[in-house]
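Visitor: Predicted structure and sequence below. I'll ask about it afterward.
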Amino acid sequence: MRTQDPIEPRVANGHLPARAQAPQPSVPGVGVLEKAMNLLNIVSKNRTPMTFTQLLRQAGLPKASLHRTLATLTREGLLRHDPFNKTFKLGFRLLELAHEVWSDFDLRLAAQDELTRLRDRQEETALLATLDQDQVVVVACEEAGRQAAMSASTGALLSLQDSALGHAIAAHLDPVRQRRLLDEGAARSGAADAQQWKQDMQARWNLTSARGYALVRQDIAADCLSVAVPVFDIEGRPVGAIGLTGAADRLDEARAHALSSELIGAARRIAHNAGGQAMSIQPQSPPNRSDEKVQWECVVPARSLLGEGPLWSTRDAALYWVDILTPSVHCHRGPGHNTTTPLGTMVSVAVPKSSGGLLLATPGGLMGWQGPGEPLNWFSHPDAQRANNRYNDGKCDRRGRLWVGSMDMGATANRGSLFKVEADGQFTRMETGVTVANGLGWSPDNRYMYFTDSFRRTIYQYEFDLDAGTLSNRRPLIVLGPDEGTPDGLTVDQDGCLWVALWDAWSVVRFSAQGQEVMRVRLPVPRPTSCCFGGAQLDTLYVTSASVRLSAESLKAAPLSGSLFALHIPGVRGLPETVFAG
């Protein structure tokens, strides 16, 4: 307990004595510095460059003060000004300063407090490790007092392929180094089928990268479970990993998944957010406003890590959806008629094919699939040249062409694309520079197509030529602010309005064709992911959701996270989805 300093003024009724409240002399320049730092923080939180008007509105400064501060920050290289678009974004001088900080960075020293805090809060052993050639070296261990058998001593070597700490690092290495490690690991493993061994290991690393964390059993000791996350440097490279390990009867998979957000937060604090924050770990508070006329129903209680891609098949009278991060395809045909089919690889899109079965999007390409017990049959791989990418959202236009977006496994900026895939598997890259490719849809008259980049919090509208399958005249239709949630999947109703799932904002929102919000429906989960209309009359809005990277506290407040929901909205119907023409 802290003792009172004898010369410190005592507090009476929450107030300091009058002599202690005397104004202190101001330090020259502090007010100016605070204004400059506030501007830098505002610009850094926006994913797109900001105009003077936007900064004026958010900063609350007089025009003259804003002009002077922007001029100084630009002159010093802390901001960049684009005279053509009249916008501002962060300057390269910040990167230079960050490199100077990182040149003297001591990972073990920076992590010590976080490791101790993790151990004390969770009462599990906390570990810090780095990569040494093809092994993982434990460089710090904070042992929970009750589980000495669950710890690894400082200097201990762990397998890169069989430990959570190793997976957390390897999954985020550059593709060239990954391939070398896979080749060396396959040679040492003695596997009868070296190629299959490498494919299986790559699939595990891909899943770790997409989740943002690794789970491995029995890596430190028998009957233990470990969860680990990478620590990134200023260039987004993994310099180490931190993790928790404990007895599997106490640290089970559900608890380990829930601990991922706390570990990711700790890793970011260790590195001072050097690796960026593309993956969200903290949802917003539930919104106060909602359309009370709309009631939700949980039709499939589940704990999907990343439920996505709902699509109603009128042919099959069924709703298909996927869990990307617990790789599986779900089918819902009505109350009590639900099936879940686990797959050996991530799957992000499942659309019915005119020739029968489904077309699935996996990291290894687009695959035909006839159902449970049947193999995946390769069909096409539009993004094969971009290592460590996966497909995300996809949907068919009314000619039966598949439009599918891609993204980096770890959401690295600008590595994704949008592809158009024909019935014979031929494809065309239609858009580049995408970060998190998401919601797709078309207006009822086929004049417009909508496409989302969640990283930029923007839904774009394109002019669309249905016969030619071409896009033109892209413009932002809906742009959300940092505190408004993130646009994820979407669907379009018969009136031409867009229904958008807002990740981290507990809501599905209806926007007019002009981009204006007209209805907001609050859900019991913070991370709705996508939506579609279904049912015989297309008058039920189905909504998928996620539980990935939600803390134990968040899951307690939203226990239905990961479930499938149905909304019945008076007077609103959807449009039938088109099957893939192949």
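Guide: Looks like it arrived, so ask away.
Visitor: Report the secondary structure state of the residue nearest to residue 56 when sequence neighbours are not counted.
Guide: Of all residues not flanking residue 56 in the chain, residue 66 sits nearest, at 5.7 Å (CB to CB, 6 or more residues apart in numbering). C-beta coordinates here come from the backbone N, C-alpha and C atoms, glycine included. The three-state label given to residue 66 by DSSP: H, G, I helix; E, B strand; the rest coil is helix.
Visitor: Spit out the contact partners of residue 66.
Guide: 39, 52, 55-56, 59 (CB atoms under 8 Å, 6 or more residues apart in numbering).
Visitor: could you pull out the strands for the stretch 1-150 of the chain?
Guide: 50-51, 79-82, 87-90, 125-132, 135-142 (DSSP state E, counting those that start in this stretch).
Visitor: Now tabulate those in JSON lines and tack on mean pLDDT.
Guide: Output for these, formatted as JSON lines (pLDDT from 0 to 100):
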{"stretch": "strand 50-51", "mean pLDDT": "90"}
{"stretch": "strand 79-82", "mean pLDDT": "91"}
{"stretch": "strand 87-90", "mean pLDDT": "90"}
{"stretch": "strand 125-132", "mean pLDDT": "92"}
{"stretch": "strand 135-142", "mean pLDDT": "91"}
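Visitor: between those strands, which gets nearest to residue 213?
Guide: Closest of the strands of the stretch 1-150 of the chain to residue 213 is strand 125-132, at 13.7 Å (criterion: CB to CB).
Visitor: Now residue 178, what are its backbone angles?
Guide: phi -60, psi -50 (degrees, to the nearest 10).
Visitor: so how far is residue 404 from it?
Guide: 24 Å (CB to CB, to the nearest Å).
Visitor: Settle it for me: which of these two has more neighbours?
Guide: The neighbour comparison of residue 178 against residue 404 (other CB atoms under 10 Å) goes to residue 404, with 27 against 19.
Visitor: got a list of what that one touches?
Guide: By CB under 8 Å, 6+ apart, the contact set of residue 404 is 349, 361, 366, 382, 391-394, 418-419, 421, 437.
Visitor: Spatially nearest residue to residue 251, not counting backbone neighbours?
Guide: Using CB to CB, 6+ apart, the closest residue to residue 251 is residue 225 (5.0 Å).
Visitor: Please identify which helix or strand holds the one you found.
Guide: Taking DSSP states H and E as the criterion, residue 225 maps to strand 224-232.
Visitor: So what angle separates the directions of the helix or strand following that strand and strand 125-132?
Guide: Heading C-terminal from strand 224-232, the first helix or strand you meet, by DSSP H and E, is strand 238-247. Computed by axes from the mean of the first three to the mean of the last three CA atoms, to 10 degrees, the angle separating strand 238-247 from strand 125-132 equals 140 degrees.
Visitor: elements contacting strand 238-247?
Guide: Secondary-structure packing of strand 238-247 (3 or more CB pairs under 8 Å, 6 or more residues apart in numbering; DSSP states H and E): helix 107-122, strand 125-132, helix 164-170, strand 224-232, helix 253-270.
Visitor: Swap in 6 Å and give it another go.
Guide: Here strand 238-247 touches helix 107-122, strand 125-132, helix 164-170, strand 224-232, going by 3 or more CB pairs under 6 Å, 6 or more residues apart in numbering; DSSP states H and E.
Visitor: Next, the angle from that strand to strand 224-232.
Guide: 160 degrees.
Visitor: still on that earlier bit, and which of the contacts of residue 404 is nearest residue 270?
Guide: Closest to residue 270, out of all of these and judged by CB to CB, is residue 392, at 29.0 Å.
Visitor: Could you list the alpha-carbon positions for whatever helix or strand the closest one lives in in PDB?
Guide: Assigned by DSSP H and E, residue 392 belongs to strand 389-396. Extracted in PDB, the C-alpha atoms of strand 389-396 (Å, rounded to 0.1, in the frame of the first residue of the first chain):
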ATOM      1  CA  ASN A 389      -3.100 -14.900 -49.900                       C
ATOM      2  CA  ARG A 390      -6.600 -16.400 -49.400                       C
ATOM      3  CA  TYR A 391     -10.000 -15.700 -50.800                       C
ATOM      4  CA  ASN A 392     -12.500 -13.900 -48.600                       C
ATOM      5  CA  ASP A 393     -16.000 -13.000 -49.900                       C
ATOM      6  CA  GLY A 394     -17.600 -14.000 -53.100                       C
ATOM      7  CA  LYS A 395     -20.900 -14.000 -54.900                       C
ATOM      8  CA  CYS A 396     -22.300 -14.700 -58.400                       C
END
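Visitor: Given it, what are its sheet partners and their directions?
Guide: Next to strand 389-396 in the sheet, as set by DSSP bridges, lie strand 402-408 (antiparallel).
Visitor: next structured bit after the partner strand?
Guide: strand 416-421.
Visitor: Output the contacting helices and strands for the helix or strand that that following strand is followed by.
Guide: Counting by DSSP H and E, the next helix or strand C-terminal to strand 416-421 is strand 427-434. Applying 3+ CB pairs under 6 Å, 6+ apart, one finds that strand 427-434 contacts strand 416-421.
Visitor: mind running it again at 8 Å?
Guide: In terms of contacts (3+ CB pairs under 8 Å, 6+ apart), strand 427-434 is packed against strand 402-408, strand 416-421.
Visitor: The longest one to strand 427-434, inter-axis angle?
Guide: In other words, strand 402-408. For strand 402-408 against strand 427-434, the angle by the same axes, to 10 degrees is 40 degrees.
Visitor: Make 635 the first number, not 1, from now on.
Guide: That works, and once the first residue is 635, the last one we named lands at strand 1036-1042.
Visitor: Can I get strand 1036-1042 in PDB, CA atoms only?
Guide: Extracted in PDB, the C-alpha atoms of strand 1036-1042 (Å, rounded to 0.1, in the frame of the first residue of the first chain):
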ATOM      1  CA  LEU A1036     -18.400 -15.700 -59.700                       C
ATOM      2  CA  TRP A1037     -16.900 -12.500 -58.300                       C
ATOM      3  CA  VAL A1038     -14.400 -13.300 -55.500                       C
ATOM      4  CA  GLY A1039     -12.100 -11.100 -53.500                       C
ATOM      5  CA  SER A1040      -8.700 -12.100 -52.000                       C
ATOM      6  CA  MET A1041      -6.600 -10.800 -49.100                       C
ATOM      7  CA  ASP A1042      -3.400 -11.500 -47.300                       C
END
